[in-house]
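Participant: Below are the sequence and a predicted model; questions follow.
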Amino acid sequence: MRMLVTHLTPFGGDLFCGAGLKCTPSGYGGFVRAMVKTEEQLPERTGFPSADLLYRNRGPFGLGCVVDLGKVEHPPRKPPHIENVWFEPELVEPPMSSGKFWGALKANASKRPQDVFGDCLKEYSRSSRPVVPFGDGNRCRASLGLLWPCRIGKLWLRKDGKPLVLADLRCGEEPPVEISVNEIRLHYRFLNNAYEEYVARLNRRLKRSASPLLVGIGLTGTMRGFYWVQITNIFFEEEPLWYFGRSDCPGNPNPSKW
């Protein structure tokens with residue numbers, strides 16, 4: 001199975017979540033999440049690949065890359081995370097151009113979160129953050145998707161407890177919702193708490209963007225009785241493979257200047 005990497009998020013420091021679109025002779029479509037089969041199946045952390053498989057660490061996983069997952073296995077189905085496959089990494093193909101990557105993203109995008117997850121989506125009672133109650137997970141259509149056209153008014157950093165980047169996301173004519181952002185390109189400096197610079201730079205870029213955004217979205221594991229909807233990655237039409245520091249976007253040879 002070959003997969004175009006469209007979703008890349010950090011997970012637990014030394015792990016990451018890598019997902020994308022299946023590559024077929026006719027194009028790109030159908031989401032898969034690449035997981036490593038392990039002897040010991042640990043709840044919530046089962047099978048997430050280690051960070052040494054990221055492109056910036058000379059591994060095969062980078063946004064816009066096509067990864068050959070080899071012969072995959074399908075683990076026991078556990079909704080809502082129905083896209084999981086077990087793989088053994090074999091090779092990575094040359095990165096896709098920004099224009100071709102944007103076209104693949106847009107061709108597989110939905111207009112609203114409800115179009116991705118279904119009517120199981122609810123609003124968390126203490127905020128406008130979208131969630132799926134734990135008991136409704138088996139009714140979800142999927143746990144991964146893409147949204148276009150979107151706008152983000154601003155990003156901000158919540159520092160009470162574990163640092164968390166939040167955004168106000170508006171999809172089409174829908175009212176804005178508060179949603180967390182787990183964009184891997186914002187997380188290079190997570191451990192030394194130097195988030196503010198990257199968040200400020202991305203906010204400046206958001207203000208200048210003339211075109212609607214395309215965002216990757218996904219469901220977290222269960223926390224406090226809910227699967228939480230999060231933005232996995234943010235894509236600008238003019239520069240979908242942007243990055244600040246070490247690159248997880250091999251299709252862009254130079255760090256973004258903004």
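Facilitator: Thanks, I have it. Since the structure is predicted, the reported quantities are computational estimates derived from the model, not experimental observations.
Participant: contacts, neighbours, all on C-alpha from now
Facilitator: Fine.
Participant: Residues in contact with the helix or strand in which W102 is found: which ones?
Facilitator: Following DSSP states H and E, one finds W102 within helix 98-107. The list of residues contacting helix 98-107 from outside it, by Cα atoms under 8 Å, 6 or more residues apart in numbering, reads T6, Y28, G64, L146, W148, L214, E237, E239, P240, L241, G251, N252.
Participant: Then stretch 115-134?
Facilitator: 110, 114, 136-137, 139-146, 177-179, 222, 225-229.
Participant: model confidence over the biggest helix by length in the chain, on average?
Facilitator: Across the chain, the longest stretch assigned as helix under DSSP state H is helix 195-208. Helix 195-208 shows a mean pLDDT of 87.
Participant: Quick check: the gap between C120 and C140.
Facilitator: Counting by Cα to Cα, to the nearest Å, the gap from C120 to C140 is 6 Å.
Participant: ok, and for the helix holding W102, which residues are buried?
Facilitator: Across helix 98-107, burial judged by 16 or more other Cα atoms under 10 Å covers S98, F101, W102, A104, L105, K106.
Participant: of all these, which comes closest to T24?
Facilitator: A104 (12.1 Å; Cα to Cα).
Participant: element containing the closest residue to W228 other than its chain neighbours, please.
Facilitator: Nearest residue to W228, sequence neighbours excluded (Cα to Cα, 6 or more residues apart in numbering): V131, at 4.6 Å. In this assignment (DSSP H and E), V131 forms part of strand 130-133.
Participant: Helix or strand next in line after that strand, which one?
Facilitator: Heading towards the C-terminus - elements assigned by DSSP H and E - strand 130-133 is followed by strand 144-158.
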